[in-house]
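Undergrad: Sequence first, predicted model second:
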Amino acid sequence: MATQHTKQISIDDLAVGMYIVGLDQSWLQSPFLFHRRRIGRYEEIARLKAYGVQRVTIDPTRGLDLVTTQPRPAQWLGEGTIHHSPLSRPRVSPLPDLTLAHAVHTEATTAVQSLFEGTKTGAPLNSAAAQEVVHRLMETVLSQHDVLAGLIHMRRFETNLYAHVINVCIFALMLGAMQDLDKTILACLGVGALLHDVGQVHLPRNLVRKPGLYTAQEQRLMQAHPHLGATRLSRTPHMPEDACRIVAEHHERLDGSGYPQGLGGAALSPLSQIVAIADVYETMLGTREGRPPLLPAQAIKELYQQGRAQQLDLGLVEKMVRCLGIYPVGSLIELNTGERGIVVAVNPGKALQPVVHILWDQTHQCYATPVTVDLAAPDADAPRRTIRDVLDPAAAGYDIATYFAESRCRCESDYCSPLGGDDGRRHLGRERRAWHRECVSFHHTFWRPT
């Protein structure tokens, strides 16, 4: 229902830049995870239509209004031209734009490094700076959670302490948003997640960076970092008390098997449990204590097993699984058709049927024109596609991020030059002109093969 600051519009009038606050059907039946979001790309509108949404409620105070929107690409690109793959499945485009999410992650990591390093001298931690980082991440998580998750799963960032805490903060904010937490509480959760490992700054650097197993003495020393961090934060002006508690409890477990105090059950803060789940999941994605990294799908399975074992809150773990999907964004999968592709979005409520960007055919040769398909909403005349297997990109010889970036450039080029000359570029709008300039350099700027 529309209010003083909102209005209902037809799905045909929905445009990029509008902020939606309601649909004409349950959000459980929609393709999106979060209840309120800014439309960031035309693909999102196409997905809403595919799920039968006919009317949406927008808030013009938080996004574009109906009278200020730009023409859709379909109005001037010749929407009747349909490209087909060898299996005759229409291509859905464009792919998610990774540039903003990558820039936000990089800036946040740099800020956290400065924040953590500053505490080594004994100076108070800058609470305002930490909260500023969290608010920036919150904004991006609420609008591009799938893109951020994909970047993390592709492991395109340095595997150090600073990137780890940013990743944990992102996953915790995603889970907190699913809980419909008040914005103030969500920000507090984010600060606690961002600073959960600040105590490690005061441990020997060679210990924190040790790739192999810890000795018993080293293990005891590492297990002191929650107490060290919480003590430091308790002396920091304007630091939320709940954030301090998160730092102290993020290694505690519901069954009492955690550390440093062996707390369990109702003695643990629900916010601490959210960060614990995010920390466990992110840690499994990396190399720790001599253990090889797990694939996202493997980490999800292990996380669920820890929930079943009552080490972690099973209800929260299940929401985390729904948030990330059984096949998280960035996963390399093989379909029953023999084709291979990358998961680019999850379908809440349909965890086994994500949106997949298909890059390789049945013989594992690259498609000249990749296709993006929603496994939950297949075309009637298209082959029925299901996920057959999850593959290890390294073992299979794929650099997922590079393939994704190159394919993104190919897809976006369809929007860069259909009309040609100044007449065509005038229709692109500010965002499309920016992409037109950056398309060629995108891959070399962010996605150099490692």
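TA: Yep, it's here.

Undergrad: Could you give me the buried positions within the lengthiest helix in the chain?
TA: The single longest helix within the chain, with elements called by DSSP state H, is helix 127-153. Of the residues in helix 127-153, 127, 130-131, 133-134, 137-138, 140-153 count as buried by neighbour count, 16 or more other Cβ atoms under 10 Å. Heads up, the C-betas are built off the backbone N, CA and C, glycines and all.

Undergrad: ok, now which ones touch the most centrally placed residue in the chain?
TA: In the chain, the residue lying closest to the centroid (Cα atoms, centre = their mean) is Ala149, at 2.4 Å. For Ala149, the contact set (Cβ atoms under 8 Å, 6 or more residues apart in numbering) comprises 170-171, 174, 324, 328-330.

Undergrad: after the top strand by length along the chain comes which helix or strand?
TA: For the chain, the longest strand by residue count, based on DSSP state E, is strand 366-374. Counting by DSSP states H and E, the next helix or strand C-terminal to strand 366-374 is strand 387-391.

Undergrad: So which residues make contact with that next one?
TA: 295, 297-298, 327, 331-336, 340, 352, 354, 356, 375, 398.

Undergrad: Farthest-apart pair in the residues you listed, please.
TA: Greatest spacing in these, by Cβ to Cβ: Leu352 and Tyr398 (22.3 Å).

Undergrad: Which residue of these two possesses the greater neighbour count?
TA: Between Leu352 and Tyr398, counting by other Cβ atoms under 10 Å, Tyr398 is the more crowded of the two (18 against 12).

Undergrad: picking that back up, using a markdown table, please lay out the contacts of Ala149 together with pLDDT and distance to Ala15.
TA: Shown next, in a markdown table, are these (pLDDT from 0 to 100; distance: Cβ to Cβ, whole Å):
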| residue | pLDDT | distance to Ala15 |
| --- | --- | --- |
| Ile170 | 96 | 27 |
| Phe171 | 97 | 31 |
| Met174 | 94 | 26 |
| Leu324 | 90 | 29 |
| Pro328 | 90 | 29 |
| Val329 | 87 | 24 |
| Gly330 | 88 | 28 |
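
Undergrad: So which bits of the helix or strand Ser114 falls within are buried?
TA: Per DSSP H and E, Ser114 falls inside helix 99-118. For helix 99-118, burial by neighbour count (16+ other Cβ under 10 Å) applies to 99, 101-102, 104-106, 108-109, 111-113, 115-116.

Undergrad: Can you check what angle separates that helix from helix 127-153?
TA: Compare the direction of helix 99-118 with that of helix 127-153 by axes from the mean of the first three to the mean of the last three Cα atoms, to 10 degrees and you get 130 degrees.

Undergrad: helices or strands up against helix 99-118?
TA: Applying 3 or more Cβ pairs under 8 Å, 6 or more residues apart in numbering; DSSP states H and E, one finds that helix 99-118 contacts helix 127-153, helix 161-178, helix 429-446.

Undergrad: Show the contacting residues for His135.
TA: Applying Cβ under 8 Å, 6+ apart to His135 gives the contacts 187, 190.

Undergrad: Read off the pLDDT value for it.
TA: What the model reports as pLDDT for His135 is 92.

Undergrad: what number of residues lie near the closest residue in space to Gly338 that isn't next to it in sequence?
TA: Distances taken as Cβ to Cβ, 6 or more residues apart in numbering place Gln362 nearest to Gly338, at 3.5 Å, with adjacent residues excluded. Using other Cβ under 10 Å, the number of residues around Gln362 comes to 13.

Undergrad: Shouldn't Gln362 be within a strand?
TA: No - under DSSP: H, G, I helix; E, B strand; the rest coil, Gln362 sits outside any strand and is assigned coil.

Undergrad: quick one, what contacts it?
TA: Per Cβ under 8 Å, 6+ apart, neighbours of Gln362: 337-339.

Undergrad: Now do the phi/psi pair for it.
TA: Main-chain dihedrals, Gln362, degrees, to the nearest 10: phi -60, psi -20.

Undergrad: For Arg308, which non-adjacent residue is spatially closest?
TA: Here the residue nearest Arg308, using Cβ to Cβ, 6+ apart, is Leu314, at 6.5 Å.

Undergrad: which helices and strands sit right next to the longest strand of the chain?
TA: Here strand 366-374 touches helix 42-50, strand 355-360, helix 400-413, going by 3+ Cβ pairs under 8 Å, 6+ apart.

Undergrad: and the direction of it versus that of strand 355-360, what angle?
TA: Using the same axes, to 10 degrees: strand 366-374 against strand 355-360 is 170 degrees.

Undergrad: Could you check the angle strand 366-374 makes with helix 42-50?
TA: 50 degrees.

Undergrad: ok, strand 366-374: who's next to it in the sheet?
TA: Here strand 366-374 is paired, per DSSP bridges, with strand 355-360 (antiparallel).

Undergrad: Give the rounded mean pLDDT of the partner strand.
TA: For strand 355-360, the mean pLDDT works out to 91.

Undergrad: Output that strand in PDB with nothing but the alpha carbons.
TA: Output in PDB follows, covering the C-alpha atoms of strand 355-360 (Å, rounded to 0.1, in the frame of the first residue of the first chain):
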ATOM      1  CA  VAL A 355      20.900 -17.900 -12.000                       C
ATOM      2  CA  VAL A 356      23.800 -19.200 -14.000                       C
ATOM      3  CA  HIS A 357      26.000 -17.500 -16.600                       C
ATOM      4  CA  ILE A 358      26.900 -20.200 -19.000                       C
ATOM      5  CA  LEU A 359      30.300 -19.700 -20.600                       C
ATOM      6  CA  TRP A 360      31.200 -23.200 -21.900                       C
END
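
Undergrad: Any regions of this structure where pLDDT drops low?
TA: Confidence mapping of the chain against pLDDT under 70 gives the ranges 1-4, 26-35, 67-97, 156-157, 403-450.

Undergrad: what residues go with each domain of it?
TA: 7-67, 99-323, 332-446 (automatic domain parsing).

Undergrad: winner for burial among these?
TA: Mean neighbour count (mean count of other Cβ atoms under 10 Å) peaks for domain 99-323 among these, with a mean of 19.

Undergrad: Next, the distance between the ends of it.
TA: End-to-end distance for domain 99-323, by Cα to Cα, to the nearest Å: 22 Å.

Undergrad: And stretch 222-241, by the same measure?
TA: End to end - Cα to Cα - stretch 222-241 spans 23 Å.

Undergrad: The chain should start at 29 in everything you say after this.
TA: New numbering, starting at 29: the last item is stretch 250-269.

Undergrad: ok, residues contacting it?
TA: Stretch 250-269 has contacts (Cβ under 8 Å, 6+ apart) with 147, 152-153, 155-156, 216, 219-220, 223-228, 230-231, 235-236, 242, 271-273, 275-279, 287-288.

Undergrad: Kindly state the beta-bridge partners for Val84.
TA: Counting by DSSP bridges, the residues bridging with Val84 are Ile37, Leu51.
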